[in-house]
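test case, fold it:
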Amino acid sequence: MHFKPFAAALSVVLASVMMTGCLDLDNKKPAAAAPRATEVDVTVVESTDATIVTELGGRTNAYRIADVRPQVSGIILKRLFEEGAEVKKGQSLYQIDPALFEASVQSARAAVLQAEANLKKAKADAKRSAELVKVKAMSASANDAAQAAYRVAEANLAAAKASLKTAQVNLGYTHVKSPIAGRVSISQVTPGALVTAQQGTPLTTVHQLDPIYVDVTQSYEKLAELRAKMDAGIMKTDPSGDSEVQLVLDSGEIYHLKGKFSVQDALVNETSGTVRIRAVFPNPDRELMPGMYVRARLIEGIQPNVVKLDQRAVMRAQNGAPYCFVVGKDNKVESRYLTIDGAEGNFWIVTKGLEVGEKVIVEGILKVRPGASVTFKDPAAKQAK
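Just a heads-up that it's a prediction; the model follows:
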């Protein structure tokens, strides 16, 4: 009975203490600290000239291709080369059975000897008849016949010599030779095979690989746009006249030797609307082979007074539009959409969206958002250091 008033009083005291404590905690809660500025790296926008480089895909092609065919008929006796080896111009590749052609040469030589003997006799007869006709010891008609026989004998000798030359040439054709220097392909015939003169199927093929062609295609629309920029003065040709071409292999490796622009085709492909462009590359070690897929980097021209922006600074919005972060007033981050027209190395060529002198964030872009405060070091001082 005596505990009830005591318990009630204790409850009141505890409640007062708790309320007083809560009030004290509320009064002692510290104020929220201001967010710290994020340190970033920036680059200062400058106006400069940009070398416009286009990368085009294409294939390598042999500088020269020669199909080797026999010029006389016969049986192949020997193959005189190793498949895949380098051969010289005029090197014998096959030996055709020469027996019949050697006999033809001997027969032609005999015909020449016979024609020479006939000519000697006809010449003596013509000389004798010419003297006799002067003293009226021979009729004029008989002399005319003797002179005509002499001229026929001369023609017969010339014909015999021509036949001998033909027989000798045909004998030489029994050695089937390489028409160019290069790498020889797999042989399509074996010893013992019968071949015929000027047959459709080649015996083998020789490819000249040094130098080597690289054929790429570019859209005619792109070429027309390039010409329009040059006509308008937006772009100019390289004053150095540099026409070097760099080659990127299918593996991504850059070929160590540079090529030269060779020719641009005069025709537009009706199906694809593209124009073929050809470059020539040195290939002393035969690293490039016909049929390889490669990408050629060609210098199209110089575009003056443009902004080149480090590609690390550029991001893409959900709709694919490029943008970057710029340090604006009071070192606050601003978002800026860009218009990009090509690339040079690791830099985008920006034609709209940035002004000279603005500071663009290149490192730390993932740590900031528009409106955030940033700090940065002076790019000029950093570069000097």
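
list the single closest residue to Ala343 in space, sequence neighbours excluded.
Distances taken as CB to CB, 6 or more residues apart in numbering put Ile349 closest to Ala343, at 6.3 Å, once the chain neighbours are dropped. The way it works is simple: take the backbone N, C-alpha and C, and place the C-beta from them, glycine included.

I misspoke; the intended subject was Ala317.
For Ala317, ignoring the flanking residues on the chain, the nearest one in space by CB to CB, 6+ apart is Tyr323 at 5.9 Å.

would you mind measuring from the one you found to Glu334?
10 Å (CB to CB, to the nearest Å).

using the three-state scheme, assign Arg36.
coil (DSSP: H, G, I helix; E, B strand; the rest coil).

can you pull the pLDDT of it?
The per-residue pLDDT reported for Arg36 equals 82.

from Ser272, how far off is the residue nearest the centre of the chain?
Centroid check for the chain by CA atoms, centre = their mean gives Val214 as the closest residue, at 3.1 Å. To Ser272, Val214 is 18 Å away according to CB to CB.

quick one on the thing from earlier: helix, strand, or coil at the residue nearest to Ala317?
Look at Tyr323: counting by three-state DSSP, its state is strand.

measure how buried it is and give me the count.
When neighbours are counted by other CB atoms under 10 Å, Tyr323 registers 15.

so how far is Thr375 from it?
22 Å.

tell me the contacts of Gln218?
By CB atoms under 8 Å, 6 or more residues apart in numbering, Gln218 lies in contact with Thr54, Leu56, Thr274, Val275, Ile277.

average pLDDT across the one helix or strand it maps to?
Assigned by DSSP states H and E, Gln218 belongs to strand 204-219. Taken as a whole, strand 204-219 carries a mean pLDDT of 92.

and it, which strands flank it?
Sheet pairing of strand 204-219 (DSSP bridges) gives strand 47-68 (antiparallel), strand 182-184 (antiparallel), strand 274-281 (antiparallel).

buried set for that strand?
Residues of strand 204-219 classed as buried by neighbour count (16 or more other CB atoms under 10 Å): 204-218.

out of the residues you listed, which is nearest to Val294?
Nearest to Val294 among the buried residues of strand 204-219, counting by CB to CB, is Val214 at 6.0 Å.

helix/strand/coil for Lys78?
Relying on three-state DSSP, one would call Lys78 strand.

what about the strands in the stretch 201-350 of the chain?
Shown for the stretch 201-350 of the chain, the strands assigned by DSSP state E, counting those that start in this stretch span residues 204-219, 244-249, 259-264, 274-281, 293-310, 315-316, 322-327, 333-337, 339-344, 347-352.

and the longest helix for this protein?
helix 99-134 (DSSP state H).

packing partners for that helix?
Counting contacts by 3 or more CB pairs under 8 Å, 6 or more residues apart in numbering; DSSP states H and E, helix 99-134 packs against helix 140-172.

name every strand pairing with the very next helix or strand once past the helix it packs on and say which way it goes.
Where DSSP H and E defines the elements, the next helix or strand beyond helix 140-172 is strand 175-177. Using DSSP bridges, the strands paired with strand 175-177 are strand 92-96 (antiparallel).

ok, and what's touching the strand it pairs with?
68, 70, 72, 74-81, 87, 173-178, 184, 189, 195, 203-204.

generate a ChimeraX selection restricted to the buried subset of those.
Selecting only the buried entries of the contacts of strand 92-96 in ChimeraX, with 16+ other CB under 10 Å as the criterion:
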select :68,70,72,74,76,79,81,87,173,174,176,177,178,184,189,195,203,204
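
and the gap between Arg336 and Glu39?
Arg336 sits 20 Å away from Glu39, going by CB to CB.

what about the two, which has more around it?
Higher neighbour count among Arg336 and Glu39: Arg336, with 17 against 13, using other CB under 10 Å.

and that one, what are its bridge partners?
Counting by DSSP bridges, Arg336 is bridged to Cys324.

out of the contacts of Gln218, the closest to Leu157 would be?
For the contacts of Gln218, the nearest to Leu157 is Ile277 (58.4 Å; CB to CB).

quick one: residues contacting that closest one.
Residues Leu56, Gly58, Asp215, Val216, Thr217, Gln218, Phe261, Val263, Gln264, Asp265, Ala296, Leu298 are the ones in contact with Ile277 under the rule CB under 8 Å, 6+ apart.
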